[in-house]
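# no sequence on this one, just coordinates:
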């Protein structure tokens, strides 16, 4: 009898937790559906090719930001050289198609494999480091890749740039307009964002969050912390590789070393901090904001790193959790206030 009595309070508690989780998933699905509906309708109202071109770059940056968010926001590992994987993916796909005549549809998975292999080889020893030592090691890796891209003229065409890169085609029809490639890139964004959302809600995702909160506690709970650090690193590199391949076969059809240097790594870091590390919508808000800021600062491109520094300082003071968490806190405050007002009116 006593056992039955003690077990009774647990049933409603479990039910409430389950109902809350289901409500959260429904809310997330509604948010994602509304967001991608807006993305799909945007070209209907915005016909300007320049703005659609910016939309393509927002999608490409968002894919990279989602991968880096998994590494930094969930697994708690800092990377200051993530643009290197972006460059490896882009140049592998570009070289295979422009030099060796591969189809972009074959070059993309090949670039994904090469990038993941490099990430595993680099990440296995590097991720034993922690804190600023890890940050400096990833920064060094990014510098090495940037120098190799510039100096290996026989492979990458160096500073002259790799030209005549073919674009993607579907059923024999090339994606030649900005609108077509806009939809193509954002289809990849939708799929990869859905994969990310499912991953962070799975057992590996929970293990990565535990690793982020306390590596010692996660280790005591039986989480293979070393393996999960490497997995997060490789997955984040895979996202960067896909973004690089999409960039290589965009309407520009040209690759130069500039987009794969330290500035891009810093911009990615600011995207995560600005939007909110460890949140689903953080990379979305960060990628949109920073890409637009980059376009606005194009006449003063030499000062963009100063602007990124100012953004980081202001965020650390006013919104240390990022814009996404700030908006969530504001929504929760309004919800509690509304419930209080309703209760007061009912009494």
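Okay, I see it. Please read these numbers as outputs of a predicted model, since none were measured by experiment.

# can you tell me which residues contact residue 75?
The neighbours of residue 75, taking CB atoms under 8 Å, 6 or more residues apart in numbering as the test, are 208, 211, 212, 228, 229, 232, 233. Placement of C-beta: from N, CA and C, glycine included.

# The first one against residue 232, yeah?
Yes - distance between residue 208 and residue 232: 5.7 Å, which falls inside the contact criterion (CB atoms under 8 Å).

# between the two, what contacts are shared?
Common neighbours of residue 208 and residue 232 (CB under 8 Å, 6+ apart) are 70, 74, 75.

# nearest to residue 259, of those residues?
residue 70 (21.7 Å; CB to CB).

# hang on, the earlier thing: would TSV of the shared contacts of residue 208 and residue 232 with distance to residue 255, pLDDT and secondary structure be doable?
Formatted as TSV, these follow (distance: CB to CB, whole Å; pLDDT from 0 to 100; DSSP: H, G, I helix; E, B strand; the rest coil):
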residue	distance to residue 255	pLDDT	secondary structure
70	26	94	helix
74	31	91	helix
75	30	90	coil
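
# Pick the one among those residues closest to residue 199.
When the shared contacts of residue 208 and residue 232 are compared against residue 199 (criterion: CB to CB), the nearest one is residue 70, at 7.3 Å.

# so how far is residue 316 from residue 26?
34 Å (CB to CB, to the nearest Å).

# what do you get for residue 280?
Residue 280 is 22 Å from residue 316, by CB to CB.

# between these two, who's got more neighbours?
residue 280 (20 against 10; other CB atoms under 10 Å).

# quick one: contacts for the residue lying closest to the more buried one once chain neighbours are set aside?
With CB to CB, 6 or more residues apart in numbering as the criterion, residue 280 has its nearest non-adjacent residue at 6.0 Å, and that residue is residue 197. By CB under 8 Å, 6+ apart, the residues touching residue 197 are 28, 32, 280.

# Hmm, residue 196 and the last one touching each other?
Read it as residue 280. Yes - contact criterion CB under 8 Å: residue 280 and residue 196 qualify, at 7.4 Å.

# will you turn the shared contacts of residue 208 and residue 232 into TSV that also has distance to residue 183?
Listed next are the shared contacts of residue 208 and residue 232 as TSV, based on distance: CB to CB, whole Å:
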residue	distance to residue 183
70	25
74	29
75	32
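
# What about residue 269, how many residues nearby?
23.

# does it belong to a helix or a strand, and which?
helix 262-275 (DSSP states H and E).

# And the next helix or strand past that helix?
Defined by DSSP H and E, the subsequent element after helix 262-275 is helix 282-296.

# What is that following helix packed up against?
Helices and strands touching helix 282-296, by 3 or more CB pairs under 8 Å, 6 or more residues apart in numbering; DSSP states H and E, are helix 49-69, helix 262-275, helix 304-318, helix 322-346.

# mind listing what the spatially closest residue to residue 269 that is not a sequence neighbour touches?
Once flanking residues are discounted, residue 269 sits nearest to residue 80: 6.9 Å by CB to CB, 6+ apart. Applying CB under 8 Å, 6+ apart, we find residue 80 in contact with 135, 136, 138, 139, 142, 262, 265, 266, 269.

# Just the buried ones from those residues?
135, 138, 139, 142, 262, 265, 266, 269 (16 or more other CB atoms under 10 Å).

# The second one: which element?
Applying DSSP H and E as the criterion places residue 138 in helix 132-151.
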